[in-house]
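>>> no sequence for this one, just the structure:
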């Protein structure tokens, strides 16, 4: 039996801008593109992007309280060389925190995507 996989779907304000961010800053590549949906992949990570404006009224991802996307969610990406990944992100002109060694043993940095989704890039 094939084990389960995980695909996150993020609802964004601009598909092209989000795809470009995840391609140029995070190293993802497009695996599927339609006028109203883009799917990107990095290793076994798959992110789908749909338009926030297309969500129907009452959809759980359409918060009446805030336009901040992903409130309460931290998207964690594990990499082999977190320092090199941080240097790559900074070279793209994207603000990120400094590397921090955490009490649980991992080293990470954090950044926010163009729609406000909170990302943590960490050592394995």
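Done, it's in. Nothing here was measured: the structure is a model prediction, and the numbers come from that model.
>>> wait, doesn't residue 95 sit right on residue 113?
No - under the criterion of CB atoms under 8 Å, residue 95 makes no contact with residue 113, lying 11.4 Å away. C-beta coordinates here come from the backbone N, C-alpha and C atoms, glycine included.
>>> Looking at those two, which one has more neighbours?
The neighbour count for residue 95 versus residue 113, taken as other CB atoms under 10 Å, is higher for residue 113 (21 against 8).
>>> Quick check: the more buried one touching residue 19?
No - taking contacts as CB under 8 Å, residue 113 lies outside contact range of residue 19: 11.0 Å.
>>> what are the ranges of the helices in this structure?
Assigned by DSSP state H, the helices in the chain fall at 15-24, 82-91.
>>> Let's have these in a markdown table, adding mean pLDDT and mean neighbour count.
A markdown table is the format used below for the helices of the chain (pLDDT from 0 to 100; neighbours: other CB atoms under 10 Å):
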| stretch | mean pLDDT | mean neighbour count |
| --- | --- | --- |
| helix 15-24 | 97 | 17 |
| helix 82-91 | 97 | 15 |
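>>> now these in a markdown table, with distance to residue 47?
Rendered in a markdown table, the data for the helices of the chain read as follows (distance: least, CB to CB, whole Å):
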| stretch | distance to residue 47 |
| --- | --- |
| helix 15-24 | 6 |
| helix 82-91 | 16 |
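>>> Could you point out which of these sits nearest residue 101?
helix 82-91 (10.3 Å; CB to CB).
>>> tell me what the closest one is packed against?
Contacts defined by 3 or more CB pairs under 8 Å, 6 or more residues apart in numbering; DSSP states H and E place helix 82-91 against strand 107-112, strand 118-123.
>>> now it: how far from the chain's centre is it?
Its chain's C-alpha centre lies 15 Å from the corresponding centre of helix 82-91 when counted by CA atoms, centre = their mean, to the nearest Å.
>>> so what pLDDT did residue 2 get?
pLDDT, residue 2: 87.
>>> gap between it and residue 42?
Distance, residue 2 to residue 42, using CB to CB, to the nearest Å: 20 Å.
>>> Pick out whichever of those two has more residues nearby.
Set residue 2 next to residue 42 and count neighbours by other CB under 10 Å: residue 42 wins out with 15 against 4.
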